[in-house]
Every structure is written in structure tokens, then in C-alpha cells.
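A.B. asks: okay, sequence plus prediction incoming.
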Protein chains: 6
Amino acid sequence: MAHPSINLRERLADAKPFFFSWATAPSAVLAGQMARLPFEAVCIDMQHGLTGFPDAVEMAPAIVAQDKPVIIRVLWNEPGIIGKCLDGGAWGIVCPMVNNRAEAQALATACLYPPAGKRSNGPIRAAMYGEASNYQKIANDEVLVIPMIETQEGIDNIDEILSVPGISGIYIGPSDMGLSLGMIPILDREEPNILAIYEKLLASCKKHGKFAGLHNGTSAYAARMIGMGFRFVTIANDSGLMARMARSEVAATRKAAGDVAS
Amino acid sequence: MAHPSINLRERLADAKPFFFSWATAPSAVLAGQMARLPFEAVCIDMQHGLTGFPDAVEMAPAIVAQDKPVIIRVLWNEPGIIGKCLDGGAWGIVCPMVNNRAEAQALATACLYPPAGKRSNGPIRAAMYGEASNYQKIANDEVLVIPMIETQEGIDNIDEILSVPGISGIYIGPSDMGLSLGMIPILDREEPNILAIYEKLLASCKKHGKFAGLHNGTSAYAARMIGMGFRFVTIANDSGLMARMARSEVAATRKAAGDVAS
Amino acid sequence: MAHPSINLRERLADAKPFFFSWATAPSAVLAGQMARLPFEAVCIDMQHGLTGFPDAVEMAPAIVAQDKPVIIRVLWNEPGIIGKCLDGGAWGIVCPMVNNRAEAQALATACLYPPAGKRSNGPIRAAMYGEASNYQKIANDEVLVIPMIETQEGIDNIDEILSVPGISGIYIGPSDMGLSLGMIPILDREEPNILAIYEKLLASCKKHGKFAGLHNGTSAYAARMIGMGFRFVTIANDSGLMARMARSEVAATRKAAGDVAS
Amino acid sequence: MAHPSINLRERLADAKPFFFSWATAPSAVLAGQMARLPFEAVCIDMQHGLTGFPDAVEMAPAIVAQDKPVIIRVLWNEPGIIGKCLDGGAWGIVCPMVNNRAEAQALATACLYPPAGKRSNGPIRAAMYGEASNYQKIANDEVLVIPMIETQEGIDNIDEILSVPGISGIYIGPSDMGLSLGMIPILDREEPNILAIYEKLLASCKKHGKFAGLHNGTSAYAARMIGMGFRFVTIANDSGLMARMARSEVAATRKAAGDVAS
Amino acid sequence: MAHPSINLRERLADAKPFFFSWATAPSAVLAGQMARLPFEAVCIDMQHGLTGFPDAVEMAPAIVAQDKPVIIRVLWNEPGIIGKCLDGGAWGIVCPMVNNRAEAQALATACLYPPAGKRSNGPIRAAMYGEASNYQKIANDEVLVIPMIETQEGIDNIDEILSVPGISGIYIGPSDMGLSLGMIPILDREEPNILAIYEKLLASCKKHGKFAGLHNGTSAYAARMIGMGFRFVTIANDSGLMARMARSEVAATRKAAGDVAS
Amino acid sequence: MAHPSINLRERLADAKPFFFSWATAPSAVLAGQMARLPFEAVCIDMQHGLTGFPDAVEMAPAIVAQDKPVIIRVLWNEPGIIGKCLDGGAWGIVCPMVNNRAEAQALATACLYPPAGKRSNGPIRAAMYGEASNYQKIANDEVLVIPMIETQEGIDNIDEILSVPGISGIYIGPSDMGLSLGMIPILDREEPNILAIYEKLLASCKKHGKFAGLHNGTSAYAARMIGMGFRFVTIANDSGLMARMARSEVAATRKAAGDVAS
């Protein structure tokens, strides 16, 4: 099997967007089913999803069995769990609440082997999904290191964050960014100052040759954001997708069936 | 908390359809999210779903926490597992491949306490979800006993099956019924002989004062079937709902974003 | 480590009662804590307890770690699961609803290696808890084979059941026995006809040199039953014991604290 | 369903004690059974209990299914896991070893949304147990933020700790407090200097309009402490309650049964 | 991904032996590691291994992620669990204790879709590992149906068993065969009557165009058996392989280190 | 049961090496099987192994059931998880990446009860495996506190690290030490400067009366290292041992079987 980070890297090199969704339910079964959908990757959400490390351990091979790479959003910027997620088979780490150069540096240090960082050696499963003999040689080049920009401090320090060696790109959480700026927590934001922030962050990414990612609620908004320059594009999550279709189908059935079904 | 089988019974008494979906992923998290959707119940699928008994034990309270009743489709017509599923909190049992009076009688015997049946006493969790002091008194009246009719033999014996005391209604699996009759396994069937079988089964249910249920793939077909007389109406399953919305959203985004996203 | 069935056998040889309780929660942690209590064994209840096989696999070593033997009440009289429970570390099998010689014979056949029975060879964990080199030689002598007598048919056939080679003793479920005879499902029964049945079953056990067991709700009743001849004595279960102490302590605190705590 | 934090808040407003116990076994089944007991809440103990995050994810809905709120004692004062426990359905956080204003502020910051704190938005399950549409609006008012006072430093800084906005009350661990002061680790302490510390902490709580909690071993001591002013009252834990009743019942049976059972 | 049963079928067509080992520990991690070894398949042992269905659900994708097919040895010849294992991703079923035509027919019926059998439709995961659109068309051709021959009755009925349509080959458990014939339960047997039985069974397989499999303890014996005609070749199991290497390495170290390490 | 740390302490007192291996698969079954092998202990690897805390909770009693002590390599030098692992039954903590006195002090503080450290009281399971009544009295003397030396900084500070009260000995990770010094990550190193570092670390340990441990890949190298002075000797891990034997056995079989098996 070709190692499953390839399609991520190739699409990024082509400046094509790649799509993924959050796996928030601690279920290898569901993660495997999500990996069959037309996404380029699946991201196990260990921050707001209800997945712990033992769950991620089960979910990762179910995703790889569909030839898709595993990305993990970790709980926090801690080297122990970041290294463990990489050992467990993640080819990308999304890390919440990175606000400045020191935090970005800590993230890169945790994700990369010496001399670039201080990741400890022991890729017990990761080495299984690449070519076993060369994992440690390719890991620093292949692993995506993706800080989340969600606060005014992070926005202000974007150039410093992106200039840390090893940072691959950024990811924006619109609801947390809004909350931290005194707005309500929603997706698909239209506030002009938010859109201006997006432009500023995209410009900085472009300058540094890094990609930018965004969580989106609807396809129309996601398409606009791709037009604006985002390439790492989330659409909803497992239960959200299920819920939208279920509400729509049940409502349609009740309406079509008429009074009897009210 | 009112015991959660009430809304099932009330809607049946009113001849209103009730909607549910299959929980096929072994995940209490996802089952809880499904229970928040506008279904009247959630059915844990232990036959084709990838759920085992330990999974159902975790899924049941997540469903009850949303005030919805738990139904379980068991693996097979065996008294051990049927009793255990009821003890574990199920208020309804759907049983595959019931073909004749003896099999229907075995199913009812497994589901009901003496003297109506031979269910063993020990409702260790079920009693928690009703009013604890009276579970054993109400269980025989409240538990839904639902054989699946999926073969020519079952169709031929429908009157005998429905005349077994304790049988609450029937459930039809269209793909298995088709397979067993020499057709391909699909949902939302339009073959005239299948529709004639549905009519025959509905007529028998009506004569015996029992309800009929059907698995459906789309809202339009489900609405037609409600018009025909079905009341126990399944729409898709957890991962199927997720997949349909994901495919639709990603395709819409790719189209709207144009060449860059192809 | 001496193999942990020893204390069971020794006490039986001495005609001393041995006490145990049901582990009904699927938790290795709680089962281990129960094994520290002054019971001679812990019985994992796979019938009415909410434990499945993967749970029992985790619970067994936690019990053995406290030098107590594992007994399992299986779901049903099926050779597959009985053999698997024995392979997984059980030194005794309690089997529900054994009503006649054929069913008792099936149970013994499932529990014993050839030529006494047809148990398949593969004691993957059981052999770890005895002396590895001789498990298959001692197993037929050490494993307890315990049918439950819960119906009129079982009572009527007690002599035939006890005369099946390999049966170690019997176990009575008072609530199921009551239910099957048209009474309410309770423990610690005082109905004269039930007590007469107990006498009859005890007499048959004595005649055949086998022990008799009973599930009890209170210490006073259990002590009377020991006086009557029962030796395999259950007192309550994990959650029942927790619940009784909690209700008592909270009520005592509320009362002692007075109005403020009402 | 009314959101399950209501009864906690209402009793606090009335200055009534509320009782709870620790769920230390990683078992949704047992946690559900504990939630049926006459406690006002169940607290999942992730510090000394053997529960990890994936366990808490399963335990929470089993508690909510009995209409009781979930409290979690976290492992340590870390924002990642605190946010995740709140997202997973906790309405209260008990945090060990809070010794000064800075640590109390860090705790409040982790528990509260901006602008009061820096909790990240994503209440994937918490929002299911309140009214979904308004969770983020009510969370800062409803979530209980409870530092543990267990050291001389914490005692000395009690006024500073309680003056941090967002702190709801305090909780005292008597055995750790004793250990840190050079005494043995026990509950239900009678040392005069400890009782004097309790008075000091209660007085500070009263001054700041906050509640105080204490872990108790017996009902008599708990009642005295309620009289002294404690309102957040723990009595034992799951396995401790089970063990006390089991020891008592087995001893009583052995004694009543006489020599045969020795 | 090519569907992972291909290499099994291809090697069989070439009359090449294929090697596999038993996964007996309920661990997706270990099963994945076993799948990287130079075996043609991994067989999850649900009979004597300590794996239950929920474990197999996690283990299957870890095996597939290494491009190896999943085989499952089921607990017993029951249609419910056999269908569920196939739905869960198995491409072969090994079934213990098949003794005659009726039992072989029951096995084939459970494994095959109508009209060849009565397998129920719902390949919720199996369809993911083939090409989704055609799973039901290819399954009857691809799924391996493998009865175990372990008793005199099975040996006597070998021709009848092999003449049941759908049976792919047989598998011999040497220790159970020995036990059932009154010998001790060992592998790598040298008793002339056992070797004569192997010859008889191989001859019957050859006549019917079916393959034969055998469990082996050592490479030398396995090689001899391949020479004799066996093609479906088991070598040990997960923990047995670990144990042999560990014992050897520790002993070698102690010896080389001399007195200090004794 | 004697408490299971005894054999560790006794062998250390005798200056005998003790052998152990890493349990990296999250499986109580496999950990129990490893505990039967001729190792003095089993070390659950929570750093590079794929085990989380809920896994360790299940693995610990399976090890204790074989009368072996549990050691845990924690993820990181954090007091919360270290205390929890000790509460859960570990008698030794191996901690990665300890580089200086402050980090060694933090580790000892987390592992020891006051006044030696700040471990919080609550040995919910640990107390079960010693003699319950005296766990807190003996824990500070019995628990092994083992920092890993893996960097130049740690090497430079070895005397300061070893002079921290409560540190029991050190453990060397050869691949990480190599990586951090600019070499490739391998075991069984022969670089003269690495061997000189080993001599320096051993000399410092000898001076401070502490033991030294090393991870080894082969028995020959391990024996040499014992001769050099190492006493805490790791040989491989669960899946590595399995893999080596499997590769060897399959290759030997293919070779012996000849062309047919290629």
C-alpha cells in the first residue's frame, strides 16, 4: 500500500482543495464509513469530539483500510499526546489555540524528530502505514503540522507563527474566533471584520507558502471560501451530516404522507 | 420519567405511523445523537449492524437519555439473547426470518413472562426505565414482539403467525424478501408481485388488528407506503444518512468551486 | 499460584457453605473489588447481568488477581458459549432452565472433555490459572457443572437430572421458579409449597451426593437455608449491595441532619 | 427533558444540602444504577477512580437517563481535559489541588466561555442535555466550578481563591488535607485543628456567598457536617458502598448459620 | 483497493499453500501487526481465542489496512453469528465440529445468499472491502466455507460433507481429533492412525477438488504436511509466537550473562 | 497474595538483573500471557505503545493474576496521570525525557506521598494488590521512580538527577538517545561515544547506589550490557517477539516445503 499521506501532499502541491470531515463519534465503524466518502482525509476530533486515545487507536486502521490518511485534532498543545497520536498513525496534527511563536514552536517541536524537533522515537503503528523501513526518514517531510488560529492574539501573530520551521499551514475555527472576539459562536460567518481577518490570514499564508483551512457549514459557503483561497476544507461532521439528512427525510415523509403522519 | 415505551403504544393506538432508523454503528454517542432526531424510537440493529451485546448495553441509556424507547433487532430467534436484550432495556424486539407458527410462538415465548411465555425474571436495567416497582406487571403488555416476514414461507403462513398470542405486528425486509424470491436485493421495490405481497400482508395485519412495518430508502416511497397502510416506518440508517448528505454536500461544493476543486 | 478452584472443592468436600455474589455490571474494576470481599467465589452473570463475553474476558483476571475462582452463569444451554467461557477462565458453569435429563446431558457434554463430553480443546486462558501443564487432565474433575432448576418440569425430573454423570450440583432461582408456578417473582420465599419443593430438591441432592444452591436476598433467610441444607449460597449482587447501603446511609444522614436536608 | 443541572442549582439556592457519591468504576451500567439512588447527582471520579475519558463518555448518558446531572472530578487542572469533560456532558467540574488565585483563575478560565474564560466552543453532547438552542448562553451560569482545597497553601489563600469570578464553591478532601499537614489519610476527622480549618473555610465561603463540600465516610459524621454548614455532601463511593453491605451481610449469615458456615 | 480475498483464491487456484495464524487476543492493534507478517491471511479465532464479536469488528479493518483478508473461526454452527461475521468483513468462515452432511449443509446455507443458501442481505462492512457495487454478486463465489473435521463421525462422513455444494475445503484440528479418538490433545501428531486419517481426508479432498488445512506447531512438521498435500496451513497463534521467542531470548540472555542473571 | 513488588525489590537488593518486556498492545489478554513468561515484571507502555489509561486499567489485573508486578511507562512527566497510574496498580513509573534536577524532582513529587512528595491519596486499586491496610505506609518505599535519560542535557545532569531523593534508578532509551545526538534511531548501539555515555551513566548510578536499565534488541547484546552493569533489562516488546518468531517459522516452512510454497 502506498502510504496514505500521499494524496494530501499531492493535492496541496497542486493547490487543489482537499475536503475532509470531523469524526466526532468514538467509533471505528463510523470512521471507516466516513473514509469511503468523497473526502481526501478523515480527521479524528479529539478536542470537541467524544473520542479518547483508545478510540483513535481503533479508528485509525478503519480509515487506512479505505486508503485515506488519518489526521487528528488533539486536545491541547502537549508533546506527550501529540507524539502518541503520531505513533498511532496520524499523518497530520491540528492543534487548537495556538496564539504566538512560542506555542507554534512547541507544536512543531512535538511533531518533528530531531534535529528539527524533539519527538520521541517509537512509531509503533505509523511505521506500518508508510514503508516500514523508512518512516523515520520521511516523517518530518510528510507529517502536517497545523496550528489553529482562533484568537486576536493568534491573528496578530500570524506572521511569526507561520515563520516557525515545520508549520505546514493553519486552520481556522470560525465559532471560537467569533467567541473570542465577542460575537456569537456560529459557522459560515458574514461579518465584514471576520472576512477581513480571513483575507489577512490568507495573505500571510500565501506569503509564507503555506495553506489555510476553514471549517464550513454549507457547500455554498465552502465554495466561496475555496474561491477566496482556502484549501483545507472541512464540511460538517459525522453526526451533523446524519442529522441534516434525517431531519430532511422525515419531514419530507411526514409532509407527503399527510395528516396521518403528523 | 414516564417509561419510554409510552409514545410507541400511543401512536399505534391512534393508527399514526411512527418513524425510526437503524443504529448500526456500535456507538453510544451516535445512538444518542440519533435519538435526538425526529424519530419516535431508535432500533439497535444487532443483525446486520456491527453492534454486539456490550455495545447495546452502552447504547440503550444514551437513547433513553433523550426520552426515546429502545428497540433491538436481534441476531436470531434465540431465547437467551432475546431475554438479555429485554433485560438490558429494549421495549421492542424485531426478529429476523420468522417463517411459521412454531417460530412465531418461540419468539413470543422468549419475549413474555409466564404464563404467556417463558422469559426468565431479571430485568436488571429494564426495570430502571419503567417504574421500577411494576415492570414485571406491565412488561407483557408493553413489549413489542415483531417477527420479520422475509420469505415465501413466511408470506404463506402470515395468518398463522399473526394469530400467535403476543405478536404485536410484523416487519418486512424488502431486500431479503426479494432475494429469497429470486430477485436482486434492493429497497423501495416496484415489482407488482412484491406490491401484491405487501397488500396481502397488510390485509392480514388489519384482520388481526396488528401493525405492519417496512424498511424504506426514500421519503417519497415511505410516504406512499404509509398511504398503503404501513405504520412502523424505517428510513435508512445512521451511516447511510451521513453518507447521503456528505456525498451531496461535497459534490455541491466541488461544483460550485469549479475547476480548482476537481 | 495454586489454581483457584481449590477452595471451592475443599469447602464442598467439607460440606461447608460457600458464599458468592453476582457480578452483573460489565466492569473488571468492580469484579475485582467484589473478589476482595469475604466471598469464596465471584459469579459473572451473563444471563441477567449486563455482561457480554468481551466483558467476562476482562473480569476474569481481576477476580483471579484476588485469588478467587471465577464462575459464570451462561446465557443459555449452548455448547459454543459454554466452552468459550471455560476456555476464558471459568471453573464453574451455572446454566439456566435445565428441565430434564437431555438438557442436563447436553450441559455436561458441553462442559467436559472427551470421553466424558465433547468440549473442544483450547483452554487458552484457563490453562494459565491452573498449572499449565496439566489443565486438560484435571479439568473434568475440577469444573463445576451446575444446572438451574426453575420449572415444574425440572422439579419433576430432579432425579434424572442429578443422575447425569458430571453434574456437580444444582442451583435454584426462586423468582423464576415462582413465576413458572404462577406466583410473583420474589426472593426469600415463604410459600409452603415452595419450601416443600426445596426439601424435595435437597433430599434428591443428598441422595445423589450433590450440593444445592440458592439465591437469597437477606442474611437471615440465607442462614435458615444453610440450616436446611443449601451450601452454594448467593447473597444479592453488586449493584443491589451498593444500593442498599446507599439508601440506608443517605436516609440516615437526612434524618440526622434534620429539616435542612429534607 | 428539563436540563439536568436544575436540581443542583435549585437546592443550592435554597441552601439545602445535596448528596452525591463517587462513581469510581468505569461502568455505564453501575453509574446508571447509582443515578437511581437518592442522590442529587453522580460525580464521575477521573482522579482516583479508574475511569478514563472514554469511560466518562459512556457513563454520562446512563446518569442523564435517570434525570440526574453529571459532575466530573478531573485528573488535573488542565484546560484541554476540562473543556472536553464539559463538552461531554458534565455540568460541574471538581478540580484537585487548587492552591492559590492563579490556579483558581486557570480553572475558571478553562470552565467558562469568553469573555469570562477561554473555553473553546463545541458542546457536542452538553448541548443535547440542555435545550440545544441556548446551551452556550446558559453554560457560564449553570456550570459549577469547584476547586478542591487540600493543602496549607490552599487554606491560606481561601479568600483569594473564592474571590475569583466564576468559582461556585469549594470541596475538601479530608484525607489529602490530613496527609499534606503531616497526618494519616483518613475520613471523618476529629482533630481539633482540622475542624478549625473547616470552620475557617466555611466562614470564608459564607462571606463570599459560595457553598462548601466535604467527603464523608459515615452518615453520622455527614449529618454533623451539614449542621456545621457543608452543603455539597459526598457519601462514600460505588465499591465502598457495595463492600460495606457485603461484609455486613456475609458476616451476619455466617453468624446466624453457626458452625457449619465458619 | 482490490478486494482482499483475491490472494486467497489465487493461491488456491495455483495449488500453492497459504499460511496464516490465529489472532486469539481481542486486540485490533495486535491483529494489525500480525497482518504485516508474511502470512496470506489472518484468522480471528472466536472459538478458543478470547475474542467476541465487538472485538472482531475492531480487528477486521486493522487486518484489511494491511491488504490481508479476514477469516473468522466462529464459535459454533449458528446462522446468526455466521451471517454477522460475514457482514462484518470476513471472507472465510472456519466452523468447528462439522460431523455430517446435515451440519455441512447448515454451514453452507448460513454462508451463502439465496438461492444457494439463506444468508440474509446486509453486508454493511463486507461491501466496503470489495467493490461496493457488486458485493452481493461475488460473495457466493468468493467466501470460503470451511468445516472442521475433528471427530470419527466427521472422518466417516467426509465424502458426504465435501459433496455439499458451497463447501470450499476442510480444516483439521489435531488436538481435538486426538481427544475425540481417545488420545491426548497435542499438535504435530505422529500416531500412524492419525496420519492414515490425514491421508484419507486428503484423498477425499482431492477427489472433490477441495483444499485441506491443518493446524501446525512447528515449521518442520508444517513443511512435511505441505508435502503431503495440505494447502491451508496454520502456524501457531499470536501469543504462542510471542511466548516462544520470549522464552528463547530470556534464556539465552540469562545463560550468556552467567551467574549474575540466574 | 504477597504484594507483587516484592520480587523487584529483592532482586535489586541482590544486584540481580531483572528482565521485563513492553506491553504495547492495549490487550489484557496479551498482557496476561506476557506475565506468564520468564520476566520479573511487565511494563505497560503508555508512551509509544498504543495503550491508553482505560487499557492499562484492564491490563494491570491480568498481570497481577500471574503474580507479577506492573510497571507503567507514562506518556509524559505530568502529576495527574502519574498518580492515576499508581492508584491503578503500578508499582513502578518509567518517565520519558527527564533532563535535569527540576524534572527529576517533579517526577519524584508526583510519585511519592507527603511529606516526600505531593501524590494525592486514593490508591483505589493499588491498595488491593498490597496488603490493604498498609499501602500508604509502604508505598513511598516500594514504588520505583525511574526517569529516562535520553538527551545530552540528561547525560550532563546525571548526578543532579540521581541525587534527587526518591529516584530509584534510571532507564536509557538507545534510539532516542541516538536521535537526540544526531544519529539514527536504533537499538544495540556500538558507537564508542554511546558506549562511553553508558559507562558514565553506570558509574554515576553506582556512586549514588541506584540501578540502571536499558532497552535491548537481542540476547547477546543484553548479556553484554548486564556484564557492563545494567540490571533493569528490557528485551523487545509483545508484537516484536511475535513478529520475529513468525517470520522465522514461516520462512523455515517455505524453505523446507520447497517450490510449492514459494
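C.D. replies: That came through, no problem.
A.B. asks: which parts of the longest helix anywhere in chain A are buried?
C.D. replies: Ranked by residue count under DSSP state H, the longest helix found in chain A is helix A:238-257. By 16 or more other CB atoms under 10 Å in any protein chain shown, the buried positions in helix A:238-257 come out as A:238-246, A:249-250, A:252-254, A:256-257. Placement of C-beta: from N, CA and C, glycine included.
A.B. asks: just checking: which of these also lie near chain D?
C.D. replies: Restricting the buried residues of helix A:238-257 to those near chain D by CB under 8 Å from any CB of the partner chain leaves A:Ser239.
A.B. asks: ok, so of the buried residues of helix A:238-257, who is nearest B:Lys206?
C.D. replies: B:Lys206 has its nearest neighbour among these in A:Ala257, at 17.9 Å by CB to CB.
A.B. asks: what segments of chain A are helices?
C.D. replies: Going by DSSP H, chain A shows helices at A:6-13, A:28-35, A:53-64, A:79-87, A:101-111, A:126-129, A:135-142, A:152-156, A:158-162, A:174-180, A:192-208, A:219-228, A:238-257.
A.B. asks: if I pick the one residue in the stretch 101-250 of chain A that gets nearest to chain B, what's in contact with it?
C.D. replies: Closest to chain B within the stretch 101-250 of chain A is A:Ala223: 3.3 Å, counting by CB to the nearest CB. Applying CB atoms under 8 Å, 6 or more residues apart in numbering or on different chains, one finds that A:Ala223 lies in contact with B:Ala252, B:Thr253, B:Lys255, B:Ala256, B:Ala257, B:Gly258, B:Ala261.
A.B. asks: name the nearest residue to the first one, sequence neighbours excluded.
C.D. replies: Leaving aside its sequence neighbours, B:Ala252 sits nearest to A:Ser219 (CB to CB, 6 or more residues apart in numbering or on different chains; 3.7 Å).
A.B. asks: who touches the worst-scoring helix or strand of chain A on mean pLDDT?
C.D. replies: For chain A, counting by mean pLDDT, DSSP states H and E, helix A:6-13 ranks last in confidence among helices and strands (a mean of 71). Helix A:6-13 is contacted by residues A:17-18, A:40-41, A:68-69, A:91-92, A:142, A:144, A:169, A:211, A:231 when judged by CB under 8 Å, 6+ apart.
A.B. asks: most neighbours, which of these?
C.D. replies: Comparing the contacts of helix A:6-13 by number of neighbours (other CB atoms under 10 Å in any protein chain shown), A:Pro69 comes first, having 28 neighbours.
A.B. asks: that one against A:Gly89, yeah?
C.D. replies: No. Here A:Pro69 does not reach A:Gly89: they are 9.1 Å apart, not a contact under CB atoms under 8 Å.
A.B. asks: roughly how far does the closest residue to A:Ala222 other than its chain neighbours sit from chain C?
C.D. replies: The shortest distance from A:Ala222 to any residue other than its chain neighbours is 3.9 Å, reached at A:Asn216 (CB to CB, 6+ apart). Noted for A:Asn216: a distance of 39 Å to chain C, by CB to the nearest CB, to the nearest Å.
A.B. asks: tell me how far A:Asn216 lies from A:Gly169.
C.D. replies: Distance of A:Asn216 to A:Gly169, computed by CB to CB, to the nearest Å: 16 Å.
A.B. asks: swap in A:Asn157?
C.D. replies: For A:Asn157 relative to A:Gly169 (CB to CB), the value is 16 Å.
A.B. asks: same question for A:Asp176.
C.D. replies: 18 Å.
A.B. asks: next one: A:Ala126
C.D. replies: A:Ala126 is 20 Å from A:Gly169, by CB to CB.
A.B. asks: repeat for A:Ala139
C.D. replies: 17 Å.
A.B. asks: likewise A:Arg101?
C.D. replies: For A:Arg101 relative to A:Gly169 (CB to CB), the value is 16 Å.
A.B. asks: and what of A:Thr234?
C.D. replies: For A:Thr234 relative to A:Gly169 (CB to CB), the value is 13 Å.
A.B. asks: any residues in contact with both of the two?
C.D. replies: A:Gly213.
A.B. asks: correct me, but A:Gln47 touches A:Ile72?
C.D. replies: No. Counting by CB under 8 Å, A:Ile72 is not a contact partner of A:Gln47; they are 9.5 Å apart.
A.B. asks: among those two, which residue is more densely surrounded?
C.D. replies: With neighbours defined as other CB under 10 Å, A:Gln47 and A:Ile72 compare such that A:Ile72 has more, 30 against 26.
A.B. asks: excluding sequence neighbours, find me the nearest residue to the closest residue to chain E within the stretch 101-250 of chain A.
C.D. replies: With CB to the nearest CB, the shortest gap between the stretch 101-250 of chain A and chain E falls at A:Met128, namely 5.8 Å. Take A:Met128 and drop its neighbours on the chain: the residue closest to it by CB to CB, 6+ apart is E:Arg36, 5.8 Å away.
A.B. asks: for that neighbour, give its distance to chain B.
C.D. replies: In terms of CB to the nearest CB, E:Arg36 sits 24 Å off from chain B.
A.B. asks: neighbours of that residue, how many?
C.D. replies: By other CB under 10 Å, the residues close to E:Arg36 number 19.
A.B. asks: same check, this time on A:Asn193
C.D. replies: 10.
A.B. asks: show me what contacts it?
C.D. replies: Going by CB under 8 Å, 6+ apart, the list of residues near A:Asn193 reads A:Leu181.
A.B. asks: quick check: pLDDT value at it.
C.D. replies: Per-residue confidence (pLDDT) for A:Asn193: 96.
A.B. asks: who's in contact with A:Ala25?
C.D. replies: By CB under 8 Å, 6+ apart, the contact set of A:Ala25 is A:Ala31, A:Gly49, A:Leu50, A:Thr51, A:Asp238, A:Ser239, B:Ala25, B:Ser27, B:Val29, B:Leu30, B:Gln33.
A.B. asks: in stretch A:209-218, what counts as buried?
C.D. replies: Buried, per 16+ other CB under 10 Å, within stretch A:209-218: A:Lys210, A:Phe211, A:Ala212, A:Gly213, A:Leu214, A:His215, A:Asn216, A:Gly217, A:Thr218.
A.B. asks: surely the fifth one and A:Phe232 touch.
C.D. replies: Yes. At 7.5 Å, A:Leu214 and A:Phe232 qualify as touching, with contact defined as CB under 8 Å.
A.B. asks: mutual contacts of those two, please.
C.D. replies: Joint contacts of A:Leu214 and A:Phe232 (CB under 8 Å, 6+ apart) are A:Tyr171.
A.B. asks: which bits of the stretch 51-200 of chain A sit near chain F?
C.D. replies: Counting by CB under 8 Å from any CB, the stretch 51-200 of chain A sits next to chain F at A:52-54, A:57, A:78-81, A:83-84, A:87-88, A:113-115, A:118, A:120-125, A:136.
A.B. asks: so which of the residues you listed also contact chain D?
C.D. replies: Among these, chain D is touched by A:Gly52, A:Pro54, A:Glu78 when using CB under 8 Å from any CB.
A.B. asks: let me see the contact set for the first one.
C.D. replies: Meaning A:Gly52. Applying CB under 8 Å, 6+ apart, the residues near A:Gly52 are A:Pro26, A:Met46, D:Gly52, D:Phe53, D:Pro54, D:Val57, F:Gly52, F:Pro54.
A.B. asks: weed out the non-buried ones from these.
C.D. replies: Here, 16+ other CB under 10 Å leaves A:Pro26, A:Met46, D:Gly52, D:Phe53, D:Pro54, D:Val57, F:Gly52, F:Pro54 buried among the contacts of A:Gly52.
A.B. asks: now do the same contact list for A:Val98.
C.D. replies: Contacts of A:Val98 (CB under 8 Å, 6+ apart): A:Asn77, A:Ala104, A:Leu107, A:Pro147, A:Met148, A:Ile149, A:Gly154, A:Ile161.
A.B. asks: farthest pair in those?
C.D. replies: Spanning the widest gap among these are A:Asn77 and A:Ile149, at 13.2 Å by CB to CB.
A.B. asks: tell me which of the two has more neighbours.
C.D. replies: A:Ile149 (27 against 21).
A.B. asks: touching, A:Leu202 and A:Ala212? I think so.
C.D. replies: Yes. Between A:Leu202 and A:Ala212 there is a contact under CB under 8 Å: 5.3 Å.
A.B. asks: having no further points to raise, I will conclude here.
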